[in-house]
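J.: Provide a 3D model corresponding to the input given below.
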Amino acid sequence: MKKALSYLQKIQIAVGGIFLCIFLGIVVIQMACRYVGIAAIWTEDVSMYAFIWAAFMGAAAMVYEKQHFAFTSVSDKLTNEKLKKILGIVIALIMLAVSILMFYYGFRVTIQFWNYRWVSIPDFKRGPTWLCIPVCGATSALYLIGQIVEDVKALLNKQGGK
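T.: Residues are numbered from 1 along each chain as shown. I've put the predicted structure just below:
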């Protein structure tokens with residue numbers, strides 16, 4: 001399972017990196033167009049949606065690495081490794097609940113807005129733009145389930161070894 005999750009995370013980082021490159025490229029095009037006085041209204045939407053995809057893919061990938069935003073003031077003060085592990089599991093369970101909600105409501109939003117059209121590029125639908133939310137929620141949930149399983153196994157092994 002860990003190998004599959006690691007592979008999924010690498011794909012997610014690659015997708016996020018591609019969208020970040022698209023974002024940066026479009027920003028350069030936007031600046032060049034403004035400099036020469038050409039109106040390229042499509043660049044605002046494309047850069048914004050590329051950035052959103054990059055951010056959501058990066059956020060989920062960091063959940064795998066346990067590098068997500070966290071308050072560590074309580075866990076830093078704990079000296080007992082077992083308590084740290086238990087606290088980590090509790091935090092992962094809370095994050096799992098949020099990830100599941102993100103998947104569920106992100107999926108509903110994606111369906112709701114699937115046929116809406118971009119203002120600047122009417123041939124493009126907005127649905128794929130919103131798809132990053134349920135993808136982030138689903139992959140974050142998978143990563144968290146993997147972490148919880150590993151942490152529970154580690155706790156059980158420590159208890160069984162004593």
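J.: tell me the phi and psi of residue 125?
T.: phi -90, psi 150 (degrees, to the nearest 10).
J.: swap that for residue 35, please
T.: Per degrees, to the nearest 10, the backbone of residue 35 is at phi -60, psi -40.
J.: and it, what pLDDT?
T.: On pLDDT, residue 35 comes in at 93.
J.: again, but for residue 72
T.: For residue 72, pLDDT reads 69.
J.: Could you do residue 57 as well?
T.: 97.
J.: Is it correct that it falls within a helix?
T.: Yes - looking at residue 57 with DSSP: H, G, I helix; E, B strand; the rest coil, it is inside a helix.
J.: In contact with it, which residues?
T.: Shown in contact with residue 57 (C-beta atoms under 8 Å, 6 or more residues apart in numbering): 12, 13, 15, 16, 19, 132, 135, 136. Quick note: C-beta positions are derived from backbone N, CA and C, even for glycine.
J.: Kindly recompute the last result at 7 Å.
T.: 12, 15, 16, 19, 132, 136 (C-beta atoms under 7 Å, 6 or more residues apart in numbering).
J.: Now, of those, which are buried?
T.: For the contacts of residue 57, a burial check counting by 16 or more other C-beta atoms under 10 Å picks out 12, 15, 16, 19, 132, 136.
J.: Could you find the closest non-adjacent residue to the first one?
T.: The reference is to residue 12. Excluding the flanking residues, the one nearest residue 12 by C-beta to C-beta, 6 or more residues apart in numbering is residue 61, at 4.6 Å.
J.: ok, how many other residues are close to residue 60?
T.: Using other C-beta atoms under 10 Å, residue 60 has 28 other residues around it.
J.: what do you get for residue 38?
T.: If we define neighbours as other C-beta under 10 Å, then residue 38 has 9 of them.
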